[in-house]
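Asker: this is a predicted model, with the sequence first.
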Amino acid sequence: MRVRLLQVAHARSGDKGDTANIGLIALKPEFYPVILKEVTAERVKRHFKGICQGDVERFELPNLVALNFLLRRALGGGGTLSLRTDAQGKTLSAALLRMMIDVPDELADLLER
C-alpha cells in the first residue's frame, strides 16, 4: 500500500547555518522498520532536488523510533545570508512528510487517516 509519510510519522525541522535538520519520528513503533527501509538518505536527497545542493546524512535513533537527517547546503547560505522565504528550514519537515512510501498491507489497520 502506498501512503504519504505523514500517515506513519511526524517531523520537526530547523537549521544550523546552511544545513537543515529534519527529525522524523514514527507515530507507532510498528512503523519504524518501514521508515528505516523506505526513507533513505538517497530518497530524501531526491525528494529535495533543487533545494538541497549538498549531501544528505541519515542518523538512526531506534530507542526513539526516529531518524534524523542533515541536508547540507539546503538553505541558500543560511538565515543571515539567504533571500529565501524560509531560510531556517522550518517548513522542510512538512515537505518531507509529503513523500510517498510503501507500507505493508498488514499495517493498514494502524495507519492515520
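Answerer: It's in.
Asker: packing partners of the lowest-mean-pLDDT helix or strand in the chain?
Answerer: Least confident element among the helices and strands of the chain, by mean pLDDT, DSSP states H and E: strand 9-16 (a mean of 90). Contacts defined by 3 or more C-beta pairs under 8 Å, 6 or more residues apart in numbering; DSSP states H and E place strand 9-16 against strand 19-26, helix 92-96. C-beta coordinates here come from the backbone N, C-alpha and C atoms, glycine included.
Asker: OK, contacts around the residue nearest the centre of the chain?
Answerer: The centre of the chain sits closest to residue 96, judged by C-alpha atoms, centre = their mean, with a distance of 4.4 Å. Going by C-beta atoms under 8 Å, 6 or more residues apart in numbering, residue 96 touches 5, 11, 13, 22, 24, 44, 47-48, 69.
Asker: re earlier: okay, now the sheet partners of the least confident helix or strand of the chain, with direction.
Answerer: If you go by DSSP bridges, strand 9-16 pairs up with strand 19-26 (antiparallel).
Asker: report how many residues lie close to residue 26.
Answerer: By other C-beta atoms under 10 Å, the residues close to residue 26 number 19.
Asker: surely it meets residue 65?
Answerer: Yes - counting by C-beta atoms under 8 Å, residue 26 touches residue 65, with 4.2 Å between them.
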